[in-house]
Structures are given as structure tokens and as C-alpha cells.
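Visitor: give me coordinates for this.
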Amino acid sequence: MARNQPETAQLQCLQCGFEAPAGEDWERVDHPPLGTLTQCPECGSTNIHSRFEPEA
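Guide: All right, here's what the predicted structure looks like:
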């Protein structure tokens, strides 16, 4: 039986390539029709990709 391991989201900006764990370094911006978006602190893009990695 597999153990459930906590996962950490790693975010990457598809515009400039900036990468950091979710919640660290990332900014938030309100966009009325869409709600709150994650924004890259390097280039300001909201084109962000996330992947989940098991914690060590």
C-alpha cells in the first residue's frame, strides 16, 4: 500500500522562466472577471505553470 506524501507546488513563469515554490516570492494581482491571479515578481506575467513534487 502506497503512503500519501505531502506535495509541494513548484511554480514557473512561462514568460521569463522564473521558478520558486508556491507562496514564496510570488505576487498576487486582482483581475475582476477572473479573480486573484498569481503574478511573476520578475516580469509581471500571469502566465504561470505549476507542478507538484513530493516532499523529501
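Visitor: identify the bridge partners of the residue nearest the centre of the chain.
Guide: In the chain, the residue lying closest to the centroid (C-alpha atoms, centre = their mean) is residue 11, at 3.2 Å. Residue 11 has these beta-bridge partners by DSSP bridges: residue 20, residue 50.
Visitor: distance of it relative to residue 31?
Guide: Separation of residue 11 from residue 31 (C-beta to C-beta, to the nearest Å): 17 Å. Any C-beta I mention is one placed from the backbone N, CA and C, and that applies to glycine too.
Visitor: list the contacts for the residue nearest to the centre of the chain?
Guide: Residues counted as contacts of residue 11 (C-beta atoms under 8 Å, 6 or more residues apart in numbering) are 19-22, 26, 38, 48-50.
Visitor: buried set for the helix or strand of the chain with the lowest mean pLDDT?
Guide: Every helix and strand in the chain was compared by mean pLDDT, DSSP states H and E; the lowest is strand 48-54, with a mean of 87. Using 16 or more other C-beta atoms under 10 Å as the burial criterion, the residues of strand 48-54 that qualify are residue 48.
Visitor: mind checking how far that strand is from the chain centre?
Guide: 7 Å (C-alpha atoms, centre = their mean, to the nearest Å).
Visitor: which other residues reach that strand?
Guide: Here strand 48-54 makes contact (C-beta under 8 Å, 6+ apart) with 5-14, 22, 26, 38-40.
Visitor: again, 6 Å this time
Guide: 5, 7-14, 38 (C-beta atoms under 6 Å, 6 or more residues apart in numbering).
Visitor: mind giving me the ChimeraX command for buried ones among those?
Guide: In ChimeraX, this line selects whichever of those come out buried by 16+ other C-beta under 10 Å:
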select :11,12,13,38
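Visitor: which member of the contacts of strand 48-54 is positioned nearest residue 44?
Guide: Set against residue 44, the nearest of the contacts of strand 48-54 by C-beta to C-beta is residue 13 (9.4 Å).
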